[in-house]
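Student: Could you work out the structure for the sequence below:
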Amino acid sequence: MTGNSVTAAPALLVTVHHQVRDGVPGTLLAHGFMTSGSTVLVPDPPRELASPWRRYILRISRSPGHDGTAEVLPVAGIALAAVHGDGISTAAALLSLIWPTRFEVPTVTSTPEQVAELLVRHHGDQWAVYAELGLRVVRPARKPGPTDEWWLGPAFEQYVHSSAQDFSCGTCGSSPNCCRRPGPESAVPATEAA
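Tutor: Model prediction:
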């Protein structure tokens, strides 16, 4: 896409873990990428990220080839959004951090319409969407087989949108491509990490 502004900051590697005790990451649950200094998007999250009874922590480091410094930050809350329509089926968890990362976060400028169009073109692959928008994402190795679409169950139907554009509005958080709509179109936080 042309017209996107991207910083020259190195890509950040972001992993989501259960929190064993204060400041100590446990089991690796998922990979994600920073959409702002205090939000992380996790494409197609595992069901474990929808638990209101768990505490989560992020490990953030620079991409390989840069210094080996890393930071560990607790998650303040989680919002879920999914789309099952427009020929795609995907979900995202948007994690809010208690405080912002100290690393420079590469940013992009886009619109919900651009994100929706790219979601459809890339068949719901959010890693490809944000990479094409210019965000420096580091995609983890793909697991073989189809994605577990646990979000399509009745317990999560309130978070499932029928259009890619509504989904893109529900996952924007505080990133530059955010939109807010009143009423049921807006994503509602699914869980709050204590």
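Student: Please count neighbours and contacts with C-alpha atoms only from this point.
Tutor: OK.
Student: list the helices and strands the lengthiest strand in the chain packs on?
Tutor: In the chain, assigned by DSSP state E, the strand with the most residues is strand 70-85. Packed against strand 70-85, as judged by 3 or more Cα pairs under 8 Å, 6 or more residues apart in numbering; DSSP states H and E, are the following elements: strand 56-62, strand 88-97, strand 160-161, helix 164-170, strand 189-191.
Student: which non-adjacent residue is nearest the residue nearest the centre of the chain?
Tutor: Computing the C-alpha centroid of the chain and ranking residues by Cα atoms, centre = their mean puts Leu41 first, at 1.1 Å. Leaving aside its chain neighbours, Leu41 sits nearest to Leu94 (4.7 Å; criterion: Cα to Cα, 6 or more residues apart in numbering).
Student: and that neighbour, what are its bridge partners?
Tutor: Beta-bridge pairing for Leu94 (DSSP bridges): Leu41, Ala79.
Student: could you give the angle of the longest strand of the chain to strand 56-62?
Tutor: Counting by axes from the mean of the first three to the mean of the last three Cα atoms, to 10 degrees, strand 70-85 lies at 110 degrees to strand 56-62.
Student: any idea of the angle strand 70-85 forms with strand 88-97?
Tutor: Going by the same axes, to 10 degrees, strand 70-85 makes 150 degrees with strand 88-97.
Student: Thank you kindly, that will do.
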